[in-house]
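Q: give the three-dimensional model of this entry:
(one chain, ligands or ions: 1)
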Amino acid sequence: MNADRFDAWTESLLERHLRELTLREVGRALKQLTQDYVQQRHRLAGGALEGRGKRAAFALYYGTRHFLLVREVLKRLAPPTGPDLPILDLGCGTGVAGAAWALETGPGARVTGYDTMTWAIDEARRTYRDLGVRGGALKQDIARLRWPDGPLAVMAAFTVNELADTERAKLRQRLLDNAAGGGRTLIVEPLARPITRAWWNDWAGAFTRAGGRADEWHFDLPLPERIHVMGKAAGLNPRELGARTLWLNGTG
Ligand SMILES: C[S@@+](CC[C@H](N)C(=O)[O-])C[C@H]1O[C@@H](n2cnc3c(N)ncnc32)[C@H](O)[C@@H]1O
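A: Here you go, the predicted structure:
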């Protein structure tokens with residue numbers, strides 16, 4: 001993807017979300033959202049994103065960061081390019097992670113995002129359109145997803161920690177089966193241990209035994225200036241980007 005397209009996407013995000021809110025207001029909402037979500041572990045699907053300010057903060061700050069983060073991780077994991085497998089983005093939020101994978105895959109890649117939040121689905125559709133990604137987003141609980149046939153490229157960024165234990169266990173098996181059939185999976189979660197304590201080691205063990213890998217990443221990446229300023233105003237460190245990932249590339 002060329003830099004112009006990324007710039008146009010973030011400009012359009014800023015223009016839309018700052019139409020009725022100031023940068024300061026969104027900065028305040030970002031601070032609150034970060035406290036609720038990151039520090040107190042309220043689930044996004046459980047109401048942490050109520051209110052225009054918090055949604056704007058999520059779309060602008062976390063959306064942009066998650067896009068850049070997933071793109072950097074994929075550059076290093078170097079999955080096969082070419083539109084061979086349909087991409088599924090579980091808990092797609094504003095669509096950024098699946099879009100990043102589609103763009104790294106190359107022309108023709110197609111992504112379907114799933115989320116339970118209506119506003120996120122609308123945002124995801126715009127993200128795909130603005131970034132020139134083929135795909136769509138559907139309102140769908142992952143727990144009740146009717147999985148498409150065949151090997152799939154499955155992405156779940158900052159989502160697995162939001163699932164109930166039984167759903168998470170079912171998903172893990174589904175992803176291992178997908179890899180055994182030639183599919184691949186990228187799981188992205190925060191570096192903070194408490195968020196994934198209950199299940200990370202179990203998943204990492206299962207993925208590595210199946211031929212995958214578990215990594216921790218630390219990047220220093222610039223954000224667009226106004227989004228950087230918003231992060232600073234919220235007391236965050238916008239340049240620091242980190243995550244842990246599980247990667248499994250099945251051989252079929
Ligand atoms: C932290 S957000 C991450 C969004 C996006 N993947 C990203 O990287 O920016 C987690 C998302 O998972 C969604 N989610 C949580 N549980 C879900 C479920 N059971 N089915 C579908 N979506 C779910 C939430 O609504 C939320 O949009």
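
Q: shaky segments in the stretch 151-252 of the chain?
A: Low-confidence segments of the stretch 151-252 of the chain (pLDDT under 70): 252.

Q: who in it is up against the ligand?
A: Selection of the stretch 151-252 of the chain residues close to the ligand by CB under 6 Å from any ligand atom yields A157, F158, T159, E162, L163. C-beta here means a position set from N, CA and C on the backbone, and glycine is covered the same way.

Q: now do the same contact list for the third one.
A: When contacts are counted by CB atoms under 8 Å, 6 or more residues apart in numbering, T159 touches L90, G91, I142.

Q: closest to T112 out of those?
A: L90 (9.8 Å; CB to CB).

Q: so what's that closest one closest to, chain neighbours aside?
A: Distances taken as CB to CB, 6 or more residues apart in numbering place A156 nearest to L90, at 4.2 Å, with adjacent residues excluded.

Q: got phi/psi on the one you found?
A: Note on A156: backbone dihedrals following degrees, to the nearest 10 are phi -140, psi 100.

Q: what residues are bridge-paired with it?
A: I187 (DSSP bridges).

Q: so it sits right up against G91, yeah?
A: Yes - contact status for A156 versus G91: in contact at 6.1 Å, counting by CB atoms under 8 Å.

Q: ok, back up a step: give me the subset of the residues of the stretch 151-252 of the chain next to the ligand that lies in helices.
A: Using DSSP state H, no member of those falls in helices.

Q: so which of the residues you listed is the most crowded?
A: Using other CB atoms under 10 Å as the neighbour test, those are led by A157, with 26 neighbours.

Q: just confirm that one contacts L88, I think it does.
A: No - using CB under 8 Å, A157 is not in contact with L88; the gap is 11.9 Å.

Q: how about the helix or strand V229 falls within as PDB, C-alpha atoms only?
A: Applying DSSP states H and E as the criterion places V229 in helix 225-233. In PDB, the C-alpha atoms belonging to helix 225-233 read as follows (Å, rounded to 0.1, in the frame of the first residue of the first chain):
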ATOM      1  CA  GLU A 225       0.700  14.000  14.100                       C
ATOM      2  CA  ARG A 226      -2.800  14.800  15.400                       C
ATOM      3  CA  ILE A 227      -3.300  11.200  16.600                       C
ATOM      4  CA  HIS A 228       0.100  11.300  18.300                       C
ATOM      5  CA  VAL A 229      -0.900  14.600  20.000                       C
ATOM      6  CA  MET A 230      -4.200  13.000  21.100                       C
ATOM      7  CA  GLY A 231      -2.200  10.000  22.700                       C
ATOM      8  CA  LYS A 232       0.200  12.400  24.500                       C
ATOM      9  CA  ALA A 233      -2.800  14.400  25.800                       C
END
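
Q: fine by me, we can end here.
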